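> Quick one, fold the following:
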Amino acid sequence: MKAQRHSGTSPRSCPQGQDQNPDIFPLSPSTWRKTPFRQDPSQLSIVEKRGLVIPKQHSSYLIKADQMKLMMQSKKASSRMLISNFLKASHCLYPLKIKYVDNDPEINMWKRKRLQDLIGSLASSVEQEQVYAAQALGCLGETNELVLSALQNALQVCRSLPVRYEVTRSLVLLGCLEAAVVRELIGQLKRGSPMRRMDMLAALRVALHTWAAAPEFQRMLVAARSRLIQILEQLASSQGPTDDSSFSAAACLAYLDSSNPTARETLQRCLVLEDRKMKMQALILLVRYMKIASATIIQALLDQLCHSPVYKYRADSASLLSCIGLWRIQQEDLEDEVFMVLLEKLHCEPFLVVRQTVAMTVEVLHMKEQVWDIVENRLKEKCKVTRRQAVASLGALGLPNKQVFFTLLEMLETDSSEAVRIQVIKTFSILGMNKRHVLKSLLMKVDPKGPLGRECVKALRGLQKSPSTQRDPTLRDYEISQEVVTGVSPLASCVLRAGR
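Down below sits the predicted model:
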């Protein structure tokens, strides 16, 4: 038996007539076979036949235990009313732009005819028509083989400098970075005017941004890459960081080579500028594409998050902090400063999308439990401003447990500050809390004359549109008596019926 195990054979593979070891059980079928087994190739080797296995019957105790196990798993999964449960797409910072696609065959026919006319104009004897056709093909963004081949043929045949410039720019915009195109691009960057050089760098920046955003196995090969990097390094270091062409060259370098020192130095010099737009673009390139995180970069992100007048830059700064990660922040000894800034932005930020982005950053940096504890304690403070800030923070973070939810319900009924009660109503509306006991409390306070009543009407309208999937399954739905419905407006009654 040991010999068979070491040799990799089994008793089933022993030839017929060979002595079997009586200690092996069960014995090989060849022990009882009297004639050699020969399989007929024309005969089916698999036959469906009802088995003799008796189906396993669970006792009532096991069935109840399985039900309790499933219930506990469901309760654990939904024990927290996180903000990600109420966002339509928690992984997206901004709503996706819907690209309009028209499948009308007549419109598609006119599009094809338009492309054919432009391709025909490339071979025209009039230079102005060639320039216009090259510009239009680049702006249309059609990357089919017919358009690319027509532009490449025009680049080889045409000798007019304006036409060659427009053809090269259109090919670069369409993502064609083959050898002939890159050679012409390098020539335009070296000998072109400052205006044309800036225009060509902008087109190259668009193409390389798309190229760098794709996975590495899907990226097209960039011809003459080393020569292109040398030209871009010269352009990036020739001017100051405030020059647009220098910054565009550094951005192209960051896309092409994430470890390029010239791009890193040029972009880091932009962090001390007063131009918020250029500063934000430099931060995105340094953090997201070049994977650089230093104390200067983290401080610049916090400055953008606190003082930038553009809400998109503030949201991008919070998102970039999550890209850096907690470990790198701890290495720079800035964890406490980042924590305090994020904690403040949860309630002092006027835009909800920025507060939600900050909340997601807090979760990525593993600070959410600590923030929840602080906010929950602030709900019991005597200062009404502190309580209001805590309620606003919960609107972005979500509710950690049922106790906090019922605390908010109690504050809605008994809090001495009307501003705090209004903030509770806003938080319920943001989180989509269309539970019956929430609707009951709101319906009792509907009054078009006071600010609290008007806020209740707005919340009821929003909760009426809230989908049923946003209702929290861990909280019990309480039936509302008919006396509550008496005397309310038709809109409130409609909302009440929708919540049932």
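
> And the strands in the stretch 351-500 of the chain, which stretches?
Secondary structure of the stretch 351-500 of the chain by DSSP state E, counting those that start in this stretch: the strands cover 398-399.

> Point out where it drops to low pLDDT.
Counting by pLDDT under 70, the stretch 351-500 of the chain shows low-confidence ranges at 466-500.

> now the helices for it?
For the stretch 351-500 of the chain, the helices defined by DSSP state H, counting those that start in this stretch occupy 352-364, 368-378, 384-397, 402-414, 418-430, 436-443, 451-465, 482-485, 490-499.

> what angle sits between the fourth one and helix 436-443?
Going back to what we said before, that points to helix 402-414. With axes from the mean of the first three to the mean of the last three Cα atoms, to 10 degrees applied, the angle from helix 402-414 to helix 436-443 works out at 20 degrees.

> Show me what helix 402-414 is packed up against.
Helix 402-414 sits against helix 384-397, helix 418-430, helix 436-443, with contacts defined as 3 or more Cβ pairs under 8 Å, 6 or more residues apart in numbering; DSSP states H and E. C-beta coordinates here come from the backbone N, C-alpha and C atoms, glycine included.

> what helices or strands is the shortest one leaning on?
Packing contacts for helix 436-443, counted by 3+ Cβ pairs under 8 Å, 6+ apart, involve helix 402-414, helix 418-430, helix 451-465, helix 482-485, helix 490-499.

> the inter-axis angle of that helix versus helix 451-465?
Using the same axes, to 10 degrees: helix 436-443 against helix 451-465 is 140 degrees.

> One more: the first one?
Between helix 384-397 and helix 451-465, the angle comes out at 10 degrees (the same axes, to 10 degrees).

> what about Val182, neighbour count?
For Val182, the count of nearby residues is 22 (other Cβ atoms under 10 Å).

> wait, doesn't it sit right on Ile229?
No. If you go by Cβ atoms under 8 Å, Val182 and Ile229 don't touch, sitting 11.1 Å apart.

> Need the residues touching each of the two.
Residues touching both Val182 and Ile229 (Cβ atoms under 8 Å, 6 or more residues apart in numbering): there are none.

> you'd agree Leu412 is up against Met444?
No. Counting by Cβ under 8 Å, Met444 is not a contact partner of Leu412; they are 9.9 Å apart.

> Compare those two and say which is more crowded by neighbours.
Leu412 (24 against 14).

> Next, work out how far apart that one and Val424 are.
5 Å (Cβ to Cβ, to the nearest Å).

> for Lys449, same thing?
The value you get for Lys449 to Val424, if Cβ to Cβ is used, is 20 Å.

> Would you mind telling me which of the two has the busier surroundings?
In this view Lys449 and Val424 are compared by other Cβ under 10 Å, and Val424 has more residues nearby, 27 against 7.

> residues of the helix or strand containing Tyr255 that come out buried?
Per DSSP states H and E: Tyr255 is located in helix 244-256. Going by neighbour count (16 or more other Cβ atoms under 10 Å), the buried part of helix 244-256 is Ser245, Ser246, Phe247, Ser248, Ala249, Ala250, Ala251, Cys252, Leu253, Ala254, Tyr255, Leu256.

> And the second one, how close does it get to Leu204?
The spacing between Ser246 and Leu204, counted by Cβ to Cβ, is 14 Å.

> Please apply the same query to the third one.
Look at Phe247 and Leu204: by Cβ to Cβ, they are 13 Å apart.

> Ok, the fourth one next?
If you measure Ser248 against Leu204 using Cβ to Cβ, the figure is 8 Å.

> mind showing which ranges of this structure have poor pLDDT?
1-65, 72-103, 241-242, 466-500.

> thinking again about what came up before, same for the following helix or strand past the helix holding Tyr255, what does it pack against?
Scanning forward in sequence from helix 244-256 by DSSP H and E, the next helix or strand is helix 261-269. Counting contacts by 3+ Cβ pairs under 8 Å, 6+ apart, helix 261-269 is packed against helix 225-238, helix 244-256.

> before we move on, back to that, kindly present the helices and strands packed on helix 402-414 as JSON lines, with separate columns for distance to Asp333.
Formatted as JSON lines, these follow (distance: least, Cβ to Cβ, whole Å):
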{"stretch": "helix 384-397", "distance to Asp333": "26"}
{"stretch": "helix 418-430", "distance to Asp333": "35"}
{"stretch": "helix 436-443", "distance to Asp333": "44"}
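
> Arg461: which of the ones you listed is closest?
When these are compared by Cβ to Cβ, helix 418-430 sits nearest Arg461, at 9.0 Å.

> now the strands for the stretch 151-300 of the chain?
So, for the stretch 151-300 of the chain - with DSSP E, counting those that start in this stretch - there are no strands.

> hey, where'd the helices end up in it?
Per DSSP H, counting those that start in this stretch, the stretch 151-300 of the chain carries helices over the ranges 161-173, 179-191, 194-213, 225-238, 244-256, 261-269, 276-284, 295-307.

> What sits closest to Ser245 if chain neighbours are left out?
Nearest residue to Ser245 in three dimensions, chain neighbours excluded: Met198, at 5.0 Å (Cβ to Cβ, 6 or more residues apart in numbering).

> can I get the CA coordinates of stretch 329-343 in PDB?
Output in PDB follows, covering the C-alpha atoms of stretch 329-343 (Å, rounded to 0.1, in the frame of the first residue of the first chain):
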ATOM      1  CA  ILE A 329      -0.500  60.700   5.900                       C
ATOM      2  CA  GLN A 330       0.800  59.100   9.100                       C
ATOM      3  CA  GLN A 331       4.300  59.000   7.800                       C
ATOM      4  CA  GLU A 332       4.200  62.800   7.300                       C
ATOM      5  CA  ASP A 333       2.800  63.200  10.800                       C
ATOM      6  CA  LEU A 334      -0.300  65.000   9.500                       C
ATOM      7  CA  GLU A 335      -3.100  62.600  10.700                       C
ATOM      8  CA  ASP A 336      -4.500  64.900  13.400                       C
ATOM      9  CA  GLU A 337      -4.500  67.900  11.100                       C
ATOM     10  CA  VAL A 338      -6.300  66.000   8.300                       C
ATOM     11  CA  PHE A 339      -8.800  64.600  10.800                       C
ATOM     12  CA  MET A 340      -9.700  68.000  12.200                       C
ATOM     13  CA  VAL A 341     -10.200  69.500   8.700                       C
ATOM     14  CA  LEU A 342     -12.400  66.600   7.600                       C
ATOM     15  CA  LEU A 343     -14.400  66.800  10.800                       C
END
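
> and the closest residue to Leu140 other than its chain neighbours, what does it touch?
Closest residue in space to Leu140, ignoring its immediate chain neighbours: Leu115 at 7.4 Å, by Cβ to Cβ, 6+ apart. By Cβ under 8 Å, 6+ apart, the contact list for Leu115 reads Leu137, Leu140, Glu142, Leu146, Val147.

> In which helix or strand does Leu115 reside?
helix 105-122.

> Between helix 161-173 and that helix, find me the angle.
Helix 105-122 and helix 161-173 are oriented at 140 degrees to each other (the same axes, to 10 degrees).
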